[in-house]
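# sequence and predicted model, in that order:
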Amino acid sequence: SLLIEDSTQARTALATAALFSGYFGEVIAQTAKLLESNPKDSRLWYLNGKGRMGKQDYRSAVDSLKRSLALRRDVNTQYALVLSYLKLKDKANAESVNRETLAQQGDRPIWHIVFGGAYRESGYSQDAIREFRRAIEMDNTTPRAHLYLALAMLEANGWAPLEESVRE
């Protein structure tokens, strides 16, 4: 459709499709072109940041995601920013964003599951375990919390089962 009409909508759709298809260079190219004329579009900055995450360019991803958040607060963007910080081994900034999320959304078990998942994905097993335990302390019936805790404990122990991980 870009051959028929070069529109913002078509380029945004192309960038979104490229993101879900794993063509991260295309995401970056399309959003960069769009951001030239529309630098105040938080969604474009978010897509650009996700494309950069896909390329494992976490420093540039942080910049794009922070620009997106400056324009509009969004938990998905905050989560992407946390992951980017953790991939850069910058736990202090990741934890700062987590605190902002809790302040905005309320301290609920689901957020500790989300934080635990980010820590686990980034190789911070003990932090993941702490967050999953916090979710369980808040509500023992939190969906999948016990499973995620067991997986994090198994992973931290080289997949060797301990009594506690089996119990979970």
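Nice, I can see it. Residues are numbered from 1 along each chain as shown.

# before we move on, what SS does the closest residue to residue 122 other than its chain neighbours have?
The shortest distance from residue 122 to any non-neighbouring residue, by C-beta to C-beta, 6 or more residues apart in numbering, is to residue 86 (3.6 Å). No exception for glycine: its C-beta is placed from N, CA and C like everyone else's. Classification of residue 86 by DSSP: H, G, I helix; E, B strand; the rest coil places it in helix.

# now swap in residue 158 and tell me
Residue 158 ends up coil, using three-state DSSP.

# roughly how far does it sit from residue 165?
Counting by C-beta to C-beta, to the nearest Å, the gap from residue 158 to residue 165 is 11 Å.

# neighbour count: the two, which is higher?
residue 165 (19 against 6; other C-beta atoms under 10 Å).

# which element is the residue nearest the centre of the chain on?
With distances taken as C-alpha atoms, centre = their mean, the chain has residue 80 as the residue nearest its mean C-alpha position (2.7 Å). For residue 80, the host element (DSSP states H and E) is helix 75-87.

# with residue 40 instead?
Counting by DSSP H and E, residue 40 is part of no helix or strand.

# so it sits against residue 68, correct?
No. The pair residue 40 / residue 68 is not scored as a contact, 10.4 Å apart, by C-beta atoms under 8 Å.

# more crowded one of the two?
Shown here are residue 40 and residue 68; by other C-beta under 10 Å, residue 68 has more neighbours (26 against 11).

# correct me, but the more buried one touches residue 76?
No. Between residue 68 and residue 76 there is no contact under C-beta under 8 Å: 9.7 Å.

# joint contacts of those two?
Between them, residue 68 and residue 76 share these contacting residues under C-beta atoms under 8 Å, 6 or more residues apart in numbering: residue 46.

# rewinding a little: from residue 46, how far out is the residue nearest to the centre of the chain?
Taking C-beta to C-beta, one finds residue 80 at 7 Å from residue 46.

# quick one: the closest residue in space to residue 22 that isn't next to it in sequence and residue 136, what's the gap?
Once flanking residues are discounted, residue 22 sits nearest to residue 54: 6.9 Å by C-beta to C-beta, 6+ apart. Counting by C-beta to C-beta, the gap from residue 54 to residue 136 is 32 Å.
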